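>>> Let me see the structure of the following:
(one chain, ligands or ions: 1)
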Amino acid sequence: MAEFSIRLDDLGYEVAGRPVLSGITLHSPARRIGVVGRNGSGKSTLARLLAGLLKPTSGQVRIAGIDPIRDRRAALETVGILFQNPEHQIIFPHVGEEIAFGLRQQGLNKAEAARRGQAMLQSFGKAHWTDAPVSALSQGQKHLVCMMAVLAMRPQLMILDEPFAGLDIPTRRQLARHLDRSGTRLIHISHDPGDLAGYDHLFWLDRGRIMAEGAAAPLLADFTAEMIRQGDLDDIADLAG
Ligand SMILES: Nc1ncnc2c1ncn2[C@@H]1O[C@H](COP(=O)(O)OP(=O)(O)OP(=O)(O)O)[C@@H](O)[C@H]1O
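I've put the predicted structure just below:
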């Protein structure tokens, strides 16, 4: 089997003629890739392009050879995405049906989707959540539901768009441990260097461009120093700029 690869070639995304991302070239066979960048650097846009939820205005995305925009069916089998806000992901009132939904999209019949969903809940010790209303869950528990729903689809690659923001330290650690245990490849996009320590290969996104790439420790040290420098300098009013 050919090696799994992620290739972004001269990827660009514009809104009303204004570049949000430009000249993004990223090739990496690493299992755990991190993308770090400050607010507004284009992280969520990049996550959506990777998952095939946005169409690039230039360049191309290939995940294991698949163009996630043109080949939606293959993309559903290959790439999963976890958003920052579980409310943007969850559409069903009960946990079991939420987890079964993606599996139905992948073509499983109702009984098979329910069975696989139940097995996923069981593997997380949450079999009793099947009929639980999502509205009764805490924010961390909703994140876990989203994670289980995506993992149940057995993606080869999971895109994480700051899914741990706003969660307390124990919850973040537990969710990160579940992800590690799943063994899935990750592209984790975050403004928080703490999320990405120990990742195999890092990219630093700045104002829609890749400013640096390399090993986690030196890149995160440089990023943190630069963020502190910028924090000492700029005014909050500059953030939109
Ligand atoms: N559909 C859109 N319409 C207008 N502007 C957009 C659109 N999508 C992205 N942008 C702009 O592009 C820039 C990057 O947005 P994006 O959400 O990708 O950044 P981000 O790094 O995820 O930010 P944050 O960390 O604050 O969530 C921002 O200035 C944003 O306002």
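>>> which residue is nearest the middle of the protein?
Nearest to the mean C-alpha position of the chain, by C-alpha atoms, centre = their mean, lies L160 at 1.8 Å.
>>> Output the lowest mean pLDDT helix or strand found in this structure.
In the chain, the helix or strand scored least confidently by mean pLDDT, DSSP states H and E is helix 169-182, which has a mean of 84.
>>> If you count contacts, what does the lengthiest helix in the chain end up packed against?
Determined from DSSP state H, the single longest helix within the chain is helix 216-233. Helix 216-233 sits against strand 32-37, helix 193-196, strand 201-206, strand 209-214, with contacts defined as 3 or more C-beta pairs under 8 Å, 6 or more residues apart in numbering; DSSP states H and E. For the C-beta atoms, the positions are set from N, CA and C on the backbone; glycine is no exception.
>>> in the second one, what's buried?
Neighbour-count burial for helix 193-196 flags P193, D195, L196 (criterion: 16 or more other C-beta atoms under 10 Å).
>>> List, out of these, those positioned next to the ligand.
Contacts with the ligand are made by none of the buried residues of helix 193-196, judged by C-beta under 6 Å from any ligand atom.
>>> For the chain, what lies in contact range of the ligand?
V15, V20, G37, N39, G40, S41, G42, K43, S44, T45, H191.
>>> List the residues that contact the last one.
Read that as H191. Applying C-beta atoms under 8 Å, 6 or more residues apart in numbering to H191 gives the contacts V36, G37, R38, N39, K43, E162.
>>> which non-adjacent residue is nearest the last one?
Counting by C-beta to C-beta, 6 or more residues apart in numbering, the nearest residue to E162 once its immediate chain neighbours are dropped is Q84, at 4.3 Å.
>>> Hmm, that neighbour is touching I159, no?
No. Q84 lies out of contact with I159 (C-beta atoms under 8 Å); the separation is 11.7 Å.
>>> Which one's more surrounded, those two?
Neighbour totals were compared for Q84 and I159, and I159 leads with 28 against 20 (other C-beta atoms under 10 Å).
>>> and the more buried one, that's in a helix?
No. Judged by DSSP: H, G, I helix; E, B strand; the rest coil, I159 forms no part of a helix; its state is strand.
>>> Now do stretch 164-172: distance from first to last residue.
Stretch 164-172 has an end-to-end distance of 6 Å (criterion: C-alpha to C-alpha, to the nearest Å).
>>> quick one: pLDDT of D238?
On pLDDT, D238 comes in at 60.
>>> Brilliant, that's me finished.
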